[in-house]
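Asker: pasted the sequence and its predicted model underneath.
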Amino acid sequence: MIIKDLLQVIDKHVPFSSSESWDNVGLLIGNQENEVNGILTTLDCTNEVVDEAIEQNINTIIAHHPLIFKGVQNITNDSYGPIIRKLIQNDIQLIALHTNLDVYDKGVSYMIGQKIGLTNMEILDKQNETYYKLQIFIPDENVEEMKKAFDNHQLAQTEEYSNVFFQSQGKGQFKPSENANPHIGTSNKTEIVYETKLELMIDGKDKALATRLLYEYHPYEEPVFDFIKMEKASSVGLGIIGELPQELSVEDFVGHYKTQLDIPAVRFIGDKKATIKRIAIVGGAGIGYAHIAKNKQADLFITGDVKHHEALDSIMDGINVLDANHYSEYVLKDGLKSLLEDWTNGEINVVSSNINTDPYEYM
């Protein structure tokens, strides 16, 4: 499998378009035509991780946190320059799956939930998905060509069905002006035409492509069509919420969390006398979602990188929070390994990195 094909496989499951606008995901370094001889999964792409890939003769690294966030102005021996140079010199491809993996229903938060034994997990904050109902009015004899154009570009399809259209017939009329150049009819004469109303559903991201195809394949000088904007609850979203098999005290749960994730220290914010059963998780830095966790009756909200004033706000709002360190996301190394093996049907050797990329020393 070449990198281009691997990217298409990944995009099918965790679409790059589902990432945040500020994010930088996809192929960051490398050649789409290179053959993949193995994949190394990691939370961060550090110098040590690149060395690990070289030692294991693996030419593709998939990291959660993008190595390149802002525009690169130079590649020198400073900052991330040596890592970028080493990747290029050793012909290693670097792919980032960040917020598009965060909103995947089996993503980072789900992986943490699995690690601590949560059951009945569901998405904490489901996203709304924008789509359009497209109605096109077109002469009967041009319908099949229009349908073929949309189907060839994978626009008239759902997850399991292609060539999905609805059509109904009727009569349209129009009167061209003297300056018009009509496909049917003559100037200054009302024309009656048997037309088909062709309907299909378009993802929000495909509206521009659909518009281009419509103008390209419609025979009329001025095509008649409507995009009707609609929304529905998406199958993706941020965070998860689930339940422990039994209630635990704060002290017992904290001990359980530290053991299961092999983390030396966490910070608890809230009522230490509380009992914990229903838990919400947003991996990384997600304190902004604490109020959603509270509204969904979570006994505890787990996230990372909580600031001092955010901790005080949580206490005032009566929300128990476990600041469990951003590095808790390291569980994705094994989780992503399993996902990639499944997505590629075991065609590629996938290895999870043994390197600890936590930047902190606990003293």
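Answerer: Nice, thanks for sending it over.
Asker: state the distance from Tyr362 to Ile138.
Answerer: 67 Å (C-beta to C-beta, to the nearest Å). (C-beta placed from N, C-alpha, C; glycine too.)
Asker: neighbour count for those two, which is higher?
Answerer: Neighbours were counted for Tyr362 and for Ile138 using other C-beta atoms under 10 Å; Ile138 has more, 25 against 8.
Asker: phi first, then psi, for the more buried one.
Answerer: phi -150, psi 150 (degrees, to the nearest 10).
Asker: do I have it right that it meets Met146?
Answerer: Yes. At 5.8 Å, Ile138 counts as touching Met146 under the criterion of C-beta atoms under 8 Å.
Asker: any common contacting residues for these two?
Answerer: Shared contacts of Ile138 and Met146 (C-beta atoms under 8 Å, 6 or more residues apart in numbering): 198, 218.
Asker: just give me the residue closest to the centre of this protein.
Answerer: Asn100 (2.3 Å; C-alpha atoms, centre = their mean).
Asker: per-residue pLDDT, it?
Answerer: You'll see Asn100 listed with a pLDDT of 94.
Asker: and Phe225, what does it touch?
Answerer: Phe225 sits in contact with 134-137, 214, 218, where contact means C-beta under 8 Å, 6+ apart.
Asker: apologies, that question was intended for Arg278.
Answerer: Neighbours of Arg278 in contact, by C-beta under 8 Å, 6+ apart: 241-244, 296-300.
Asker: any quick ChimeraX command for the buried ones out of these?
Answerer: Buried members of the contacts of Arg278, defined by 16 or more other C-beta atoms under 10 Å, are picked up in ChimeraX with:
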select :241,242,243,244,298,299,300
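Asker: how about the strands in the stretch 201-350 of the chain?
Answerer: 224-249, 267-269, 275-281, 300-303, 321-323, 350-352 (DSSP state E, counting those that start in this stretch).
Asker: closest to Asp125 out of the ones you listed?
Answerer: Judged by C-beta to C-beta, the one of the strands of the stretch 201-350 of the chain that comes nearest to Asp125 is strand 224-249, at 4.8 Å.
Asker: so Leu155 sits against Leu209, correct?
Answerer: Yes. Leu155 lies in contact with Leu209 (C-beta under 8 Å); the separation is 6.9 Å.
Asker: hang on, the earlier thing: CSV for the strands of the stretch 201-350 of the chain, including mean pLDDT?
Answerer: Formatted as CSV, the strands of the stretch 201-350 of the chain follow (pLDDT from 0 to 100):
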stretch, mean pLDDT
strand 224-249, 92
strand 267-269, 97
strand 275-281, 98
strand 300-303, 98
strand 321-323, 97
strand 350-352, 97
